[in-house]
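# only geometry, no sequence info:
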């Protein structure tokens, strides 16, 4: 077919189509994906074990908001603190305090850390609880065992658990009766603060009373009550 036939007009003329441009795609062997330039490639791909770490570092500034952007950007020098001496000086002090604490424990508490004699079933001993339960052990001597063991302690524990609700419900009513403008928060409340301090003081008193031993007795309503 000549060029004249291609340009011939009429019923028998041949329609000439323009040539198509074929896009050349480089294949990397995984389904014909277009290869990025070498400098754009990420050395860690989705099949790499560190890929979740890279994704997390990339999403951290977005998810954490200002904190993430603050870490991503360079912090101004006027907002930073030098490691020495600002961040260095507390550690020697902490080390010295720990050494002093260990020395005091070694000097005064070493007897409690030594091994005791083997148990003798023929010896008559009075069982005692650990020191953090000594106040309950002493509290049992101040009244009927059933009330002192199964009634009062659960009530106290329940009151501590329900204290936020009790404070929110009963607090404003107490404030109105006392003529206060509002019920103070627990950290600045005279009533609740006094109750908590008195409770801790009573627990400490019972613990020291029990540690004093059976020779230390104090008068009580039912007679003299001695330590553990």
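Perfect, I can see it now. If you're wondering where the values come from, they're calculated on a predicted model, not measured in any experiment. Numbering: from 1, shown residues only.
# strands along the chain, start to end?
217-220, 223-226 (DSSP state E).
# contacts for the first one?
Strand 217-220 has contacts (C-beta atoms under 8 Å, 6 or more residues apart in numbering) with 142, 209, 224-227. No exception for glycine: its C-beta is placed from N, CA and C like everyone else's.
# ranking these by neighbours, who comes first?
Using other C-beta atoms under 10 Å as the neighbour test, the contacts of strand 217-220 are led by residue 209, with 21 neighbours.
# shouldn't that one be in contact with residue 202?
No - using C-beta atoms under 8 Å, residue 209 is not in contact with residue 202; the gap is 10.4 Å.
# okay, residue 62: pLDDT?
pLDDT recorded at residue 62 is 63.
# now the one 3 residues further on
pLDDT, the model's per-residue confidence, is 58 for residue 65.
# what does residue 149 give?
Looking at residue 149, the pLDDT reads 87.
# ditto for residue 171
88.
# could you do residue 54 as well?
74.
# how near is it to residue 186?
Per C-beta to C-beta, to the nearest Å, residue 54 is found 46 Å from residue 186.
# circling back: export the strands of the chain to TSV and tack on distance to residue 102 and mean pLDDT?
Shown next, in TSV, are the strands of the chain (distance: least, C-beta to C-beta, whole Å; pLDDT from 0 to 100):
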stretch	distance to residue 102	mean pLDDT
strand 217-220	36	86
strand 223-226	35	84
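# out of these, flag the one nearest residue 124.
Smallest distance to residue 124 across the strands of the chain (C-beta to C-beta): 17.2 Å, for strand 223-226.
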